[in-house]
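Chemist: could you look at this predicted model? Sequence included:
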Amino acid sequence: MKKLVVVLCTFLVCSCTKEVPHDQLVKRNGLSYEVNSQTPFTGESVAYYENGQLLGKESFKDGRQYESVMFHKNGNLFLTRSFKGDKQDGTWENYYENGQLEFKKIFKDGLKIGHWEFYYANGQLKAKESYTDGKQDGTWEKNYENGQLEFKKIFKDGKQDGADEFYYENGQLQIKGFFKDGKLEGYQEGYNIKGSFQFKDNYKDGKQHGSYEGYYDQGELKFKGFFNDGEEDGVWETYYRNGQLEKKESFKNGTLDGPYETYHDNGQLSTKGSKLNGKSDGTYEFYRENGQLEKKESFKDGKLDGPYETYHDNGQLSTKGSNVNGKSDGTYESYRENGQLQSKSFYKNGKANGPSERYFDNGRISSKGSFKDGELDGVWEYYKYNGGLSTKGSFKDGKPIL
């Protein structure tokens, strides 16, 4: 209210100054003129709400604005501005409709200087900033509306330099680190809202460098690894909540490269293989939770390439075949749980091609024929369980020839 009185008094003292409606001013080449005038305007422009309440005043000298003031509809001060030439200069303030100060800023020749303050509508301090010659300088703080500190930073010559801290609204520390010359440097740690570790990290010249650990919300280790100049490097491990190893992988220059293993939550090996330049490469083995081998596959440049085998729960071979560049190619065989051959066929470029045979569980042939580009082709014979011929037919492009 004191500020409002000062501003009003200023305008009363200057009541002899020429006053025109705001919409009667126009801008030409950066200067303000009255409509149809060739002389840069000196005086005040005013605007009003529909109810006649003063909305604002702007003060000009030789066509350049040097001061302005605006009001809320209830008559309370809304903002004050001052200029020097075409640049922001002096103290700038904004107020809430209830009269509470919203922010206070200071300028000199267009540059930010001094201490800036920001407030919530309830009068609680929201943030503090400081500047020197237009650059961030000194301690910066921001608070939650309940008064708890949200973050605290330190600047030097426009760059973050010093301790860096973030807090939850309940006052619990969230992140704690350090900056040097505008870049993260050294040890950094993070916490969840309950105060348990969330991560531990290290930085060098703004890049992650050194050990890195992440945690579950109850503080159990979730993963750990190492960074080298901002990229994952070496062995990384991921864990289940029960502490069992979930995954173990190797990195080189930020790319998966080397042994690769995953585990079931009971500790049994699930997958074993390797990566090369970020892609699966070589033989992969997959295991069930009981430790029984389930599947073996071969990869090249991230695609299935080479022999593969799958196994029944009892350990007996279930299927075997091969792939070339991600597609089935060559002989394919399937087996029953007792080890008996169930089918045999051939593939080329992902499609069945050539002779194909299926067998009953007594070992006798069930059917035989051939495929071409994945379609039934030529003569097919179907047999009875006891070995006698049941039916015989011819096919072309997968359709029977009548």
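Modeler: All right, it came through fine.

Chemist: Leu77 against Ser68, yeah?
Modeler: No - Leu77 is beyond contact range of Ser68, at 11.9 Å (criterion: CB atoms under 8 Å). Quick note: C-beta positions are derived from backbone N, CA and C, even for glycine.

Chemist: list the beta-bridge partners for Lys248.
Modeler: Beta-bridge pairing for Lys248 (DSSP bridges): Glu237, Glu261.

Chemist: burial check on it, number of neighbours?
Modeler: If you count neighbours by other CB atoms under 10 Å, Lys248 ends up with 15.

Chemist: got it, and Lys152?
Modeler: When neighbours are counted by other CB under 10 Å, Lys152 registers 17.

Chemist: just the pLDDT for it.
Modeler: With respect to pLDDT, Lys152 scores 98.

Chemist: ok, it touching Thr139?
Modeler: Yes - under the criterion of CB under 8 Å, Lys152 makes contact with Thr139 at 6.8 Å.

Chemist: against Phe166, how distant is Gln172?
Modeler: Per CB to CB, to the nearest Å, Gln172 is found 10 Å from Phe166.

Chemist: I misspoke; the intended subject was Tyr239.
Modeler: With CB to CB as the criterion, Tyr239 and Phe166 are 26 Å apart.

Chemist: also Lys275?
Modeler: For Lys275 relative to Phe166 (CB to CB), the value is 36 Å.

Chemist: quick one: which of those two has more around it?
Modeler: Neighbours were counted for Lys275 and for Phe166 using other CB under 10 Å; Lys275 has more, 21 against 17.

Chemist: how many residues are close by the nearest residue to that one once chain neighbours are set aside?
Modeler: Distances taken as CB to CB, 6 or more residues apart in numbering put Leu256 closest to Lys275, at 4.0 Å, once the chain neighbours are dropped. With neighbours defined by other CB under 10 Å, the count for Leu256 comes to 18.

Chemist: going forward, the N-terminal residue is numbered 19.
Modeler: That works, and once the first residue is 19, the last one we named lands at Leu274.

Chemist: isn't Leu274 up against Ser268?
Modeler: Yes - with contacts counted by CB under 8 Å, Leu274 reaches Ser268, the gap being 7.0 Å.

Chemist: what residues do those two have in common as contacts?
Modeler: Residues touching both Leu274 and Ser268 (CB atoms under 8 Å, 6 or more residues apart in numbering) are Lys293.

Chemist: who does Phe121 form a beta bridge with?
Modeler: For Phe121, the beta-bridge partners under DSSP bridges are Asn112, Phe136.

Chemist: let me see the confidence value for it.
Modeler: The model's pLDDT for Phe121 equals 98.

Chemist: for it, give me its contacts.
Modeler: 110-112, 134-137.

Chemist: switch the residues you listed over to TSV; also include neighbour count, distance to Lys144 and pLDDT.
Modeler: Formatted as TSV, the contacts of Phe121 follow (neighbours: other CB atoms under 10 Å; distance: CB to CB, whole Å; pLDDT from 0 to 100):
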residue	neighbour count	distance to Lys144	pLDDT
Trp110	18	16	98
Glu111	17	14	98
Asn112	17	12	98
Trp134	17	11	98
Glu135	17	8	98
Phe136	17	4	98
Tyr137	19	5	98
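
Chemist: ok, those vs Gly348, which is closest?
Modeler: In terms of CB to CB, no member of the contacts of Phe121 lies closer to Gly348 than Phe136, at 71.9 Å.
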